[in-house]
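Visitor: coords please:
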Amino acid sequence: MARLANVSENTVSRVIRDKGAIAPETRRRVIEAIDALGYVPNRAAGSLASSSSMIVGVILPSLSNIVFPELLRGIHAGLAGTSYQPMIGVTDYDLEKEQQLISSLLAWQPAAIITTGFDHTDAARRMLEASKVRVGELMDIDRRPIDLAVGLSHRGAGRAMARHLMRRGYSKIAYVGHDWDADRRAHARYLGLCEGLGDVGLALVAEHRVDGPSSTLSGRQALAAILADGAEIEAVAFSNDDMAVGGYLHCLAAAVPVPDRLALMGFNGLEIGQALPKPLATVLSNRFAIGKTAVETLLKSPDRAFEPAIIDTGFSIIDGATA
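Guide: All right, here's what the predicted structure looks like:
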């Protein structure tokens, strides 16, 4: 690393420990060398050997979205009765922040690191691949994992949404969603929805996406906007239940009969959707099972298998009363 950065080993050490005065250009070269090599300092080296084996790093994109606390609840259930403790970081859907968290967690030589999804910076992926710890990538199974993937096929869930709506007799189907840059799984569901419709020669009759994350307010405003455009719509598939609940509230306020005039369908199977006057038609993702299964599988063996593993926890349709 010192050779790659063209500095002394002592300078590398001071940059890593953030000690002493370092010229900005020198610091930049050392950090670039660290990223290129996927190097992670071992901060547990001076501690008891056991301190590095009892940590499970958990990196979540959000704690305000109920989906991820449920995932965390499953992880806690999987750790119950063991001596392992979770060390939790939140990225706010920022991959650079995830990279920093991965570097910090790997420095403590955890027994495992759990992330959400397959999207990482190149440097973060190199660190995870180069490390010897178990790595679980959760919520998605549509790509090849570094070590272990536990979750569901979001593309498959989107196709299932299309089939469910078509079985109910709807052919003029629209889509309302949120920002795909921060939520690639929502994009995968959209693609699956379009593929499912395309299988029988149909296409979306309208679509509307809001900038930023999903919310009930965004869902309400987005449904109002797409209906105002005047397209003939029989049913709306939403990117998730947050958005769909907002759409239902718009229908209540605008006196749009659901599902007689307009059918609504969400994704996630959140409790709030089932508490509506008419329970939401949705796709149930097994978030608790994903977290619990992942941590139990990772802790069964300290060593990665020769080939990455995928565990499909599946999904199911909740018929509800809105479609």
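
Visitor: Count the neighbours of Thr91 for me.
Guide: Thr91 has 20 neighbouring residues, counting by other CB atoms under 10 Å. No exception for glycine: its C-beta is placed from N, CA and C like everyone else's.

Visitor: Hmm, it is touching Phe68, no?
Guide: No. Using CB atoms under 8 Å, Thr91 makes no contact with Phe68, being 10.5 Å away.

Visitor: got any residues that touch both of those two?
Guide: In terms of CB atoms under 8 Å, 6 or more residues apart in numbering, Thr91 and Phe68 are both contacted by the residues 60-61.

Visitor: The stretch 101-250 of the chain: strands as residue ranges?
Guide: With strands called from DSSP state E, counting those that start in this stretch, the stretch 101-250 of the chain shows them at 112-116, 134-140, 148-152, 173-177, 206-209, 235-238.

Visitor: can I get the ones you listed in JSON lines with mean pLDDT, mean neighbour count and distance to Thr297?
Guide: Converted to JSON lines, the strands of the stretch 101-250 of the chain look like this (pLDDT from 0 to 100; neighbours: other CB atoms under 10 Å; distance: least, CB to CB, whole Å):
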{"stretch": "strand 112-116", "mean pLDDT": "96", "mean neighbour count": "26", "distance to Thr297": "10"}
{"stretch": "strand 134-140", "mean pLDDT": "97", "mean neighbour count": "26", "distance to Thr297": "8"}
{"stretch": "strand 148-152", "mean pLDDT": "98", "mean neighbour count": "25", "distance to Thr297": "6"}
{"stretch": "strand 173-177", "mean pLDDT": "98", "mean neighbour count": "25", "distance to Thr297": "32"}
{"stretch": "strand 206-209", "mean pLDDT": "97", "mean neighbour count": "18", "distance to Thr297": "35"}
{"stretch": "strand 235-238", "mean pLDDT": "98", "mean neighbour count": "30", "distance to Thr297": "32"}
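
Visitor: among the ones you listed, which is nearest Phe267?
Guide: Ranking the strands of the stretch 101-250 of the chain by proximity to Phe267 (CB to CB) places strand 235-238 first, at 7.1 Å.

Visitor: and that closest one, what does it pack onto?
Guide: Under the contact definition 3 or more CB pairs under 8 Å, 6 or more residues apart in numbering; DSSP states H and E, strand 235-238 sits against helix 154-167, strand 173-177, helix 216-228, helix 241-253, strand 263-265.

Visitor: ok now it, how far from the chain's centre?
Guide: 21 Å (CA atoms, centre = their mean, to the nearest Å).
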